[in-house]
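>>> next one to model:
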Amino acid sequence: MSSPLSVSNPGGAKNLATLVYALHAAAFLTGGLTLLAAVLVNYCKRDVARGTWVEGHFTAQISTFWWTLLGNIISAATVFLLGLGYVVWLVVAAWLIYRIAKGWLRLIANEPM
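A predicted model of the protein is given here:
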């Protein structure tokens with residue numbers, strides 16, 4: 001059963017998605033700066049993935065950026081409430097690790113998100 005979504009690496013979209021997952025992972029070493037670079041790559045190169053099985057990865061990566069940003073804003077806003085912000089930050093960090101691992105493993109297996 002062949003479909004347009006079964007192309008193995010259309011236009012380098014898979015390579016770009018791999019780069020973005022690496023930038024997401026590097027965020028733990030850069031204080032989150034590479035998350036901004038990652039979402040810029042996603043938005044600038046979104047057309048490369050459009051209509052391919054990789055498109056879902058781009059969408060998930062963009063969503064991951066915005067939810068991580070929101071989580072970190074909530075964490076910063078609640079840090080003085082009995083240390084609640086630290087707990088929120090740990091939850092956000094664990095969720096980000098999960099999203100990176102799940103997405104990257106599916107990408108390696110040539111599976112859509």
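
>>> what's the pLDDT at the most far-flung residue of the chain relative to its centre?
Within the chain, Leu82 marks the point farthest from the mean C-alpha position, 30.2 Å out by Cα atoms, centre = their mean. Leu82 carries a pLDDT score of 79 in this model.

>>> mind checking the SS state of it?
At Leu82 the chain is in coil, as set by DSSP: H, G, I helix; E, B strand; the rest coil.

>>> which stretches of this structure have low pLDDT?
The model of the chain has pLDDT under 70 over residues 1-11.

>>> so which residues of it form helices?
Using DSSP state H, the helices found in the chain span residues 13-30, 33-44, 46-49, 55-77, 84-108.

>>> phi, psi for the residue farthest from the centre of the chain please.
Taking degrees, to the nearest 10, you get phi 50, psi 30 for the backbone angles of Leu82.

>>> how close does Tyr21 get to His57?
Using Cβ to Cβ, to the nearest Å, Tyr21 is found at 8 Å from His57. Every residue, glycine included, has its C-beta placed from N, CA and C.

>>> mutual contacts of those two, please.
Residues touching both Tyr21 and His57 (Cβ atoms under 8 Å, 6 or more residues apart in numbering) are Gly103, Leu107.

>>> all set now, cheers.
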